[in-house]
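Colleague: quick check, what structure comes out for this input:
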Amino acid sequence: MGTKSSKKSMNTGSRAGNIVREEEPEDQYAQLTDRTVQDEKNLIPYYYVDRPETPEYKPMEPGVDVATQIDDLELFDYVLEVEPILQVLVGKTLVQAQTELREEDEKIEEMRQKVIDCV
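Modeller: Numbering: from 1, shown residues only. Predicted coordinates for the structure are as follows:
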């Protein structure tokens, strides 16, 4: 370790072209001088920033309940809107399951046929 302007260089290898230069970290960074340095001991923090007053606490009155009233047919009609969608979903699922079972049966039958042909 030397002064800031000193640089180390070393030859790492048998060829003459393999030269690695290492610089000290102080040389890589520029010193920022655009802000003046202030003595932080003389700074006084201002803890009381302007903010609204804290509201007075008022507990809930006993016996007052809040609820949402929903009239009949206000949300949705299950029979008209949900059942058709369920029928489609269940129907497609059953058809897919049947198709997969048929394919498995066909594969088993092909394997049996290959075993019979080989014997």
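Colleague: between the two ends of stretch 68-80, what distance do you get?
Modeller: 24 Å (C-alpha to C-alpha, to the nearest Å).
Colleague: pLDDT averaged over that stretch - what is it?
Modeller: For stretch 68-80, mean pLDDT rounds to 80.
Colleague: name the residues that touch it?
Modeller: Here stretch 68-80 makes contact (C-beta atoms under 8 Å, 6 or more residues apart in numbering) with residue 82. (C-beta placed from N, C-alpha, C; glycine too.)
Colleague: give me the pLDDT for residue 118.
Modeller: With respect to pLDDT, residue 118 has a value of 86.
Colleague: show me the strands in this structure, by range?
Modeller: 8-11, 19-22 (DSSP state E).
Colleague: weakest of those strands in terms of mean pLDDT?
Modeller: strand 8-11 (a mean of 45).
Colleague: residue 50: neighbour count?
Modeller: 4 (other C-beta atoms under 10 Å).
Colleague: can you check residue 104 too?
Modeller: Residue 104 - counted by other C-beta under 10 Å - has 10 other residues nearby.
Colleague: pLDDT-wise, which helix or strand of the protein ranks last?
Modeller: strand 8-11 (a mean of 45; mean pLDDT, DSSP states H and E).
Colleague: below-threshold pLDDT in this structure: ranges please.
Modeller: The model of the chain has pLDDT under 70 over residues 1-35, 37, 48-49, 64, 73.
Colleague: what about the longest helix in it?
Modeller: If you go by DSSP state H, the chain has its longest helix at helix 83-118.
Colleague: buried residues in that one, which are they?
Modeller: By neighbour count on 16 or more other C-beta atoms under 10 Å, the buried set for helix 83-118 is empty.
Colleague: same check on stretch 44-58?
Modeller: Within stretch 44-58, no residue counts as buried by 16+ other C-beta under 10 Å.
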